[in-house]
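Colleague: Could you look at this predicted model? Sequence included:
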Amino acid sequence: MGFPGVWMTESESLVYRVVPKCACSTIGQIMFHSDHGRYFDGDIHDSKDGLHKWNQDHSQPLIEEAVRAGRGVTFTCVRNPYSRILSSFFDKIAGIQRNGKRYRGNLVPQLMQRYGIEVGSPDDEFDFDQVRSFRRFLLFARDTIRWRRPMEPDIHWSAMSGHISTFITNGGKYDQIFFTEKFNEGMQRVLDAAETPVKIDVNDVPRFNESEGHGPKRAHKVSDYFDDLSRHLLWEIYKRDFVLFKYDFDDPDNKFPTAEVDLDEVHAKLGR
């Protein structure tokens, strides 16, 4: 099985388990900069060298050896499930991708037909009922995760605990897990613990939000998108994420965690 979704600096100082929609573009660029003293020119997801990635064949034995030997600081980053699923909807379903097309080709037309989702378009300035469409998308996301139909769950809305667990079950151990909502503080703690060729102050790092500007802006506060049914669905899908990563299920507008992540608990519960 190995370590899918893992990125590692060439210096082997940082080992990161990617979790989509949790600042992964910025984290990847920081890792690249910590080795090379410059940022990757383009979307870091497109890089083919300068950063080891599990999906590059030549990187796999190097990542595997470093993880097994416990080299580098191993870490990941999590995000409030309410805002993460909203971000997935606005980026991947309602938004236009960097290539100028809809995400995954015929996915959005399929959702319009099967679930009655509307997403507008750049021509009408994305004029659609965001709340109604998001709630229908949530039904679709639940169907993919619970029953794997009408398709397998997408990495952008499958549970964070699922991504994070593969690293543990295949023999890895996290040194740190921090919060997107406290990004600078958490990322700096990771960098301070690592011996990187280039020192970085996270406060000086630009934000690399590759999905920004390609779709509609969120028009309402978080809680407006979640009625009783959609909150029930969210708990069904992401209960483990809320519990393990200490997010407040009762108040959708409280984006901050209520406590630090208990690494021992994460390893015990996701390592089974």
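Modeller: Received it, and whenever you're ready, just let me know what you need.
Colleague: how about stretch 107-124: buried residues?
Modeller: Neighbour counts using 16 or more other CB atoms under 10 Å place Leu107, Val108, Leu111, Tyr115, Ile117, Glu118, Val119, Gly120 of stretch 107-124 among the buried residues. Any C-beta I mention is one placed from the backbone N, CA and C, and that applies to glycine too.
Colleague: So, low pLDDT: which residues of the stretch 101-250 of the chain?
Modeller: Low-confidence segments of the stretch 101-250 of the chain, defined by pLDDT under 70: 210-213.
Colleague: Against Phe178, how distant is the residue lying closest to Gln188 once chain neighbours are set aside?
Modeller: Setting aside the residues directly before and after it, Gln188 is nearest to Val202 in space (CB to CB, 6 or more residues apart in numbering), at 4.6 Å. Remark: distance between Val202 and Phe178 (CB to CB, to the nearest Å) = 11 Å.
Colleague: which residues in this structure form strands?
Modeller: All strands of the chain, identified by DSSP state E, fall at 6-9, 14-17, 51-53, 73-78, 176-179.
Colleague: Format those as CSV; extra columns: mean neighbour count and distance to Ser230.
Modeller: Formatted as CSV, those follow (neighbours: other CB atoms under 10 Å; distance: least, CB to CB, whole Å):
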stretch, mean neighbour count, distance to Ser230
strand 6-9, 25, 33
strand 14-17, 25, 28
strand 51-53, 21, 35
strand 73-78, 24, 21
strand 176-179, 22, 23
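Colleague: gap between the two ends of stretch 41-57?
Modeller: Start and end residues of stretch 41-57 are separated by 22 Å (CA to CA, to the nearest Å).
Colleague: tell me which residues of that stretch are tucked away?
Modeller: Buried positions in stretch 41-57, judged by neighbour count with 16+ other CB under 10 Å: Ile44, Ser47, Leu51, His52, Lys53, Trp54.
Colleague: what's the neighbour count on Pro206?
Modeller: Counted with other CB atoms under 10 Å, residues neighbouring Pro206 total 8.
Colleague: residues touching it, list them.
Modeller: Tyr39 (CB atoms under 8 Å, 6 or more residues apart in numbering).
Colleague: Against Ile200, how distant is it?
Modeller: Pro206 sits at a distance of 12 Å from Ile200 (criterion: CB to CB).
Colleague: now do Arg240
Modeller: 32 Å.
Colleague: Likewise for Pro4?
Modeller: According to CB to CB, Pro4 stands 27 Å off from Ile200.
Colleague: ditto for His163
Modeller: Counting by CB to CB, the gap from His163 to Ile200 is 25 Å.
Colleague: More neighbours: these two, which one.
Modeller: Between His163 and Ile200, counting by other CB under 10 Å, His163 is the more crowded of the two (20 against 16).
Colleague: can you tell me which residues contact the residue nearest to Gln188?
Modeller: By CB under 8 Å, 6+ apart, Val202 lies in contact with Ile30, Phe183, Asn184, Met187, Gln188, Leu191.
Colleague: Now the third one: closest residue in space, sequence neighbours ignored.
Modeller: Nearest in space to Asn184, with sequence neighbours left out and distances taken as CB to CB, 6+ apart, is Val202 at 4.7 Å.
Colleague: where along this protein do the helices fall?
Modeller: For the chain, the helices defined by DSSP state H occupy 24-36, 60-69, 81-88, 107-115, 130-147, 160-169, 183-193, 228-244, 263-270.
Colleague: Glu185 touches Leu191, doesn't it?
Modeller: No. Assessed by CB atoms under 8 Å, Glu185 is found out of contact with Leu191, at 11.2 Å.
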